[in-house]
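Everything below, folded, please.
(2 chains)
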Amino acid sequence: MSERNVDILVVGAGPAGLAAAIAARESGIGSVLVVERENEPGGILRQCIHNGFGLHRFKEELTGPEYAQRDIDRAAELDIPIECSTMVLSVSPDCTAVCLSSARGLQVIRAKAVVLAMGCRERPRGALCTPGTRCAGIYSAGTAQRFVNLEGYMPGKRVVILGSGDIGLIMARRMTLQGAKVLACVEIMPYSSGLNRNIVQCLQDYGIPLYLSHTVTDIRGRERLEGVTVSRVDEKRNPVPGTEIDLDCDTLLLSCGLIPENELTAGAGIELSPATSGAVVDDSFCTGVPGIFSCGNVLHVHDLVDYVSEESFKAGAAAAEYVLHGSCGGPYIKVLDGDGVRGTVPQKIRKEAAGPVSLMFRPAGVYRGSAAVVECGGREICRKKAMIFTPGEMALITLKPEDLASLPEDVVTVRIERS
Amino acid sequence: MEQIITCINCPVGCRMTVTLTDSGEFESVSGNTCPRGASYARQECTLPLRMITAVIPVSGSRTPLSVKTNNPVPKKLIGSVMEELGRVSVSLPVRAGQVILRDVLGSGSDIVATRSLE
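Model (predicted):
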């Protein structure tokens, strides 16, 4: 078993890991190493061949592979080594990682700081309690996307999509363009969590019906999927008898949410947040274990890669700051979710933080003409109005240095004040 | 003639009503809350445009090549552009940005590779 020392180890070469590594290097860290389990860097962007990435960061619309390539090229310019086909088996609280690869075998990498950037995975069928048989032809939407866009296989010819998240919508269009018939997109909620743009350009453009407040209530087929039953649901999301629609299909794609992939994080003994399924972090993206940072979709699921990159640049710079000056830790101001708010990140702010500090959260419902408010000790610290808050779009409120300067208590609450 | 469309510029998703003349020309729009909505409505009801992205097989490569139109093309051309792409033959190596098909269907847009393949 070989042993190596690096300054900063980054786990994952998707957009988060690449941005963190670039920022760490640009902050003056000599030895930064990125390890990636796939055989190429780029992460999930490699299979997202549609355009629309980079509008905020680059002011132009790129496809996923093009967006990824910019960071891959920058990492190459900075001589950042990326070791692909390498699986990290464990990370310990002293910033030591055990990795496995065919090329190098088992190796121990001792780092001064670790950035966790493993991304997220799709909620699988087993977690959805769908009824029916265990036949072939049922895929998560991202798996189907990988088959079509990276491996060159079509998963089927007649397709139903359960869930109207953006990946499901994008796959409705991809499958149609590659010659399949998409019969319907079925959403249990009364609204889609996907972007309006995708509802228009991926469903309406191709005449694909979107069934809101509906779900799949039966799955039929012995070897291969033969059909599904779709039913309307009531306000409590229970199927309404008599509303069944039978659809003959050979493929069911599931687009039912993403879950941060935190096995390594949990293994390192890092506290996780039940609201985000990611690590509990402070405003420098440092987890509860000093020297271990977390960013991107492994921390909380983002809608836009631009924001993943932005967050990860901060995390990488903070990891560099820790290695160079060794500062990490409290005392902290706690950040709590209030009414209408879920999963605020960061969960704590260092009292020494000079600001500005951006608090990111998911609205719990659709709120029109409302305002996000940060309160402390019954006093309003900061307010941000928005024409609309929806669960499909991460919201952000930024605390300025003067907001943080004179807080009456060590706890702040983020809530939505409804009109 | 009236047409109702959803704005795609932001999450508000304004429902806009567009009035067209009998010959299909843009007359007015209501229901939008910003100028971006108005210009989208005008474009969408007169000449809707779309970027097309797809993958095409490459001889000698297990991984297909991802491509895009370098500019948006009229929406009504999507089907025929996909048919054109079915006829294209590409061989290794391919560099990102390489033109795969120039001026596809006389649209003025090229089909370009969005990744490299070796």
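
any residues touching the host helix or strand of A:Val335, and which ones?
Secondary structure assignment for A:Val335, by DSSP states H and E: strand A:332-337. For strand A:332-337, contacts defined as CB atoms under 8 Å, 6 or more residues apart in numbering or on different chains pick out A:275, A:282, A:343-344, A:346-351, A:359, A:361, A:404, A:407, A:410-415. (Each C-beta comes from the backbone N, C-alpha and C, glycine too.)

What of stretch A:285-292?
Residues contacting stretch A:285-292 (CB under 8 Å, 6+ apart): A:91, A:93, A:95, A:112-114, A:116, A:265, A:268-271, A:279-281, A:293-295, A:299, A:311, A:314-315, A:318-319, A:322, A:328-329, A:346.

mind checking the SS state of A:Thr344?
strand (DSSP: H, G, I helix; E, B strand; the rest coil).

residues touching it, list them.
So A:Thr344 contacts A:Ala275, A:Val335, A:Leu336, A:Asp337, A:Leu359, A:Met360, A:Phe361, A:Val414 (CB under 8 Å, 6+ apart).

Same question for A:Thr265.
Counted by CB under 8 Å, 6+ apart, A:Thr265 has contacts A:Val91, A:Leu116, A:Leu272, A:Gly278, A:Ala279, A:Thr287, A:Ser294, A:Val298.

can you check A:Ala275 too?
Counting by CB under 8 Å, 6+ apart, A:Ala275 has contacts A:Asp337, A:Arg342, A:Gly343, A:Thr344.

mind checking pLDDT for the last one?
By that I understand A:Thr344. Turning to A:Thr344, the model gives it a pLDDT of 97.

For it, which non-adjacent residue is spatially closest?
Nearest non-adjacent residue to A:Thr344, counting by CB to CB, 6 or more residues apart in numbering or on different chains: A:Phe361, 4.2 Å away.

hmm, back to that, of the contacts of strand A:332-337, grab the buried ones for ChimeraX.
Buried residues within those, by 16 or more other CB atoms under 10 Å in any protein chain shown, are selected in ChimeraX with:
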select /A:275,282,343,344,346,347,348,349,350,359,361,404,407,412,413,414,415
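
Just the contacts of strand A:332-337: which are in helices?
In helices, defined here by DSSP state H, the members of the contacts of strand A:332-337 are A:Leu404.

longest helix of the chain?
In the absence of a named chain, chain A is used. Every helix in chain A considered (DSSP H), the longest is helix A:305-325.

Oops, wrong one, chain B.
helix B:35-46.

and the next element down the chain from it?
Downstream of helix B:35-46 (by DSSP H and E), the next one is strand B:49-50.

Starting from that following strand, tell me which strands it pairs with and how they run.
When pairing is defined by DSSP bridges, strand B:49-50 lines up against strand B:73-74 (antiparallel).

B:Phe26 and B:Val112, how far apart?
31 Å (CB to CB, to the nearest Å).

sorry, back to before: buried only: go through the contacts of stretch A:285-292 for me.
By 16+ other CB under 10 Å, those give A:91, A:93, A:95, A:112-114, A:116, A:265, A:268, A:270, A:279-281, A:293-295, A:299, A:311, A:314-315, A:318-319, A:322, A:328, A:346 as buried.

Please flag which of those residues sit within strands.
Residues of the buried ones among the contacts of stretch A:285-292 located in strands (DSSP state E): A:Val91, A:Lys112, A:Ala113, A:Val114, A:Leu116, A:Phe293, A:Ser294.

Which ones among the residues you listed also lie next to chain B?
Among these, proximity to chain B is found for none (CB under 8 Å from any CB of the partner chain).

now, among those residues, which is nearest to B:Cys10?
Nearest to B:Cys10 among these, counting by CB to CB, is A:Ser294 at 29.4 Å.

distance of the closest one from B:Asp110?
Remark: distance between A:Ser294 and B:Asp110 (CB to CB) = 41 Å.

gap between the two ends of stretch A:228-244?
Length of stretch A:228-244, first residue to last, CA to CA, to the nearest Å: 10 Å.

Stretch A:226-246: which residues count as buried?
Using 16+ other CB under 10 Å as the test for burial, stretch A:226-246 gives A:Glu226, A:Gly227, A:Val228, A:Thr229, A:Val230, A:Ser231, A:Arg232, A:Val233, A:Pro239.

Among these, which pair sits farthest apart?
Longest span within the buried residues of stretch A:226-246, CB to CB: A:Glu226 and A:Val233, 23.3 Å.

Is the helix or strand containing A:Asn198 in proximity to chain B?
Per DSSP H and E, A:Asn198 falls inside helix A:196-198. Yes: under the criterion of CB under 8 Å from any CB, chain B is reached by helix A:196-198 at A:Asn196, A:Arg197.

quick check, the next helix or strand after that helix touching chain B?
Once the chain leaves helix A:196-198, the next helix or strand it forms, by DSSP H and E, is strand A:210-211. No: judged by CB under 8 Å from any CB, strand A:210-211 stays clear of chain B, getting no closer than 11.7 Å.

Show the average pLDDT along strand A:210-211.
97.

Which residues does it contact?
A:Ser164, A:Ala184, A:Cys185, A:Val186, A:Glu187, A:Ser192, A:Ile199, A:Leu203, A:Val230, A:Arg232, A:Ile245.

Which strands border it, and is each parallel or antiparallel?
Strand A:210-211 has these partner strands in its sheet, going by DSSP bridges: strand A:181-186 (parallel).

Next up, phi/psi of the nearest residue in space to A:Glu311 that is not next to it in sequence, please.
Leaving aside its sequence neighbours, A:Glu311 sits nearest to A:Cys295 (CB to CB, 6+ apart; 5.1 Å). Backbone torsions for A:Cys295, taken as degrees, to the nearest 10, come to phi -160, psi 160.

Sounds good, over and out.
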